[in-house]
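K.L.:
Next comes the sequence, and after it the predicted model I'd like to discuss.
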Amino acid sequence: MHLESVRELKIEANQLIEKIIKESVIPQSFSKKHDSWSWTGLGIHPTGKRDDYKLAIHVNDKSDLALIKEKVEYLAKGEVDIRITGNVYPQHSVRPYYKRPLSIGLSISRTHPTSAGTLGCFVQKRGQADLLILSCNHVLANTNNAHIGDSIIQPAVEDGGNPETECIANLYEFIQLRAGQPNFADAAIAKVNNINEIERLCPFHESNLLQLFCRGEYLEETRHLVVAKVGRSSNLTVGRINAVEMEQQVLYENNGNYMKVTFPNLTAIEGLNNEPFSELGDSGSIIVNIKGEPIGLLVGGARKNQLISYANPIDLVCQELNIELAHR
């Protein structure tokens with residue numbers, strides 16, 4: 001199907017699912033693990049063929065699927081890719097790793113409370129010279145519960161980092177995550193204390209690990225969908241874009257409770273060779289395409305289908321924070 005046709009189908013499918021939910025009597029056995037109907041992610045699945053797409057649907061479990069599968073497949077005339085993913089959670093969590101000079105993919109965290117994640121890359125506010133670390137709000141800003149100026153540690157405290165001697169940056173800005181309204185980026189930046197501790201900026205294809213990925217051989221027809229990241233926990237992993245423009249919900253732990261945060265434009269990535277694309281602790285990883293160009297910031301992963309991870313498009317992240325990638 002053409003892209004615009006799938007976008008229209010996505011709207012129709014969302015309306016159909018809402019109608020099914022309203023008209024259905026959900027049995028107690030269905031909802032025993034749910035307060036209500038589970039979230040259904042809707043997006044666009046690139047088939048790998050040029051200008052050919054399907055509807056993408058990510059559901060929480062088999063019970064959700066059974067309720068909508070037949071009608072959605074009929075609506076889409078079979079042009080639909082359905083995955084059971086389970087709930088989606090941030091990928092913060094252990095791979096002890098102290099490293100100087102600093103580079104992408106390293107273990108970082110706040111001092112307290114800690115939530116270990118990944119140093120994504122280095123950026124700058126547009127028109128300014130200061131170097132900043134880019135990662136996720138839930139890594140650098142404790143899901144909205146941090147203060148500007150808070151210390152960022154490398155390696156993460158969970159990985160043996162010493163808050164007294166290994167502070168590499170201070171929280172500069174973060175995008176508030178809000179329940180009940182669209183969110184466009186789970187992102188935060190921290191100002192680097194010592195620019196002489198930075199190993200390399202862009203381009204990413206010059207990174208030692210990403211060189212291996214960018215020089216790899218992949219099927220030509222799906223080469224444009226292949227991506228990679230370097231993360232704190234799973235190091236270098238390779239995946240394939242499974243869906244774009246995915247409206248999906250991520251569950252954030254916030255002051256002892258879970259906050260349901262909806263993103264209208266996530267990119268879903270499926271690990272290759274039946275391996276997960278990300279693990280706990282990889283949140284904040286920068287995701288690049290085969291040319292070494294950044295395409296996303298990793299924000300979470302599915303629990304049931306652990307092959308699936310989710311990312312904010314990097315253009316939206318840069319737009320929301322008014323930043324650009326730092327080059328040298």
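P.N.:
Great, that's in hand. Residues are numbered from 1 along each chain as shown.

K.L.:
State the number of residues packed around residue 19.
P.N.:
11 (other Cβ atoms under 10 Å). Using the backbone N, CA and C atoms, a C-beta is placed for each residue, glycine as well.

K.L.:
And residue 75, by the same measure?
P.N.:
Residue 75: 17 neighbours (other Cβ under 10 Å).

K.L.:
how about residue 13, phi and psi?
P.N.:
phi -70, psi -40 (degrees, to the nearest 10).

K.L.:
Contact partners for it?
P.N.:
42, 55, 57, 72, 75, 76 (Cβ atoms under 8 Å, 6 or more residues apart in numbering).

K.L.:
Over to residue 80?
P.N.:
45, 54, 55, 56, 57, 72, 73.

K.L.:
Surely the third one is in a helix?
P.N.:
It refers to residue 55. No. Membership of residue 55 in a helix is not supported by DSSP: H, G, I helix; E, B strand; the rest coil, which gives strand.

K.L.:
Look up how far residue 2 lies from the residue nearest to it when sequence neighbours are not counted.
P.N.:
Nearest non-adjacent residue to residue 55, counting by Cβ to Cβ, 6 or more residues apart in numbering: residue 80, 4.4 Å away. According to Cβ to Cβ, to the nearest Å, residue 80 stands 15 Å off from residue 2.

K.L.:
Residue 63 should be in a helix, yeah?
P.N.:
Yes. Per three-state DSSP, residue 63 lies within a helix segment.

K.L.:
State the pLDDT value of it.
P.N.:
As predicted, residue 63 sits at a pLDDT of 75.

K.L.:
ok, now how distant is it from residue 69?
P.N.:
Counting by Cβ to Cβ, the gap from residue 63 to residue 69 is 11 Å.

K.L.:
Which of the two has more residues huddled nearby?
P.N.:
Counting neighbours by other Cβ under 10 Å for residue 63 and for residue 69 shows that residue 63 has the greater number, 18 against 15.

K.L.:
and the residue lying closest to residue 230 once chain neighbours are set aside, which of the three is it?
P.N.:
Residue nearest to residue 230 in three dimensions, not counting chain neighbours: residue 105, with 3.2 Å by Cβ to Cβ, 6+ apart. Residue 105 falls in the coil class when you classify it by three-state DSSP.

K.L.:
from what I can see residue 105 touches residue 285, true?
P.N.:
Yes. With contact defined as Cβ atoms under 8 Å, residue 105 reaches residue 285; the gap is 6.5 Å.

K.L.:
Overlap in contacts, those two.
P.N.:
Joint contacts of residue 105 and residue 285 (Cβ under 8 Å, 6+ apart) are 118, 229, 230, 231, 232.

K.L.:
Which one of the residues you listed is nearest to residue 266?
P.N.:
residue 229 (14.9 Å; Cβ to Cβ).

K.L.:
Report the mean per-residue pLDDT for the longest strand along the chain.
P.N.:
As assigned by DSSP state E, the longest strand anywhere in the chain is strand 235-254. Taken as a whole, strand 235-254 carries a mean pLDDT of 91.

K.L.:
Tell me the strands beside that strand, with direction?
P.N.:
Paired neighbours of strand 235-254 in the sheet (DSSP bridges): strand 41-46 (antiparallel), strand 226-231 (antiparallel), strand 257-271 (antiparallel).

K.L.:
which parts of the longest one are buried?
P.N.:
Neighbour counts using 16 or more other Cβ atoms under 10 Å place 259, 261, 262, 263, 265, 266, 267, 268, 269, 270, 271 of strand 257-271 among the buried residues.

K.L.:
what are the ranges of the strands in the stretch 101-250 of the chain?
P.N.:
107-110, 117-118, 121-125, 132-135, 151-153, 167-174, 188-192, 226-231, 235-254 (DSSP state E, counting those that start in this stretch).

K.L.:
just to revisit the earlier point, quick one: the buried residues of strand 257-271 as TSV, columns for distance to residue 11 and pLDDT too.
P.N.:
Shown next, in TSV, are those (distance: Cβ to Cβ, whole Å; pLDDT from 0 to 100):
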residue	distance to residue 11	pLDDT
259	26	92
261	22	95
262	16	95
263	17	96
265	14	95
266	17	96
267	19	96
268	18	96
269	24	95
270	24	94
271	29	92
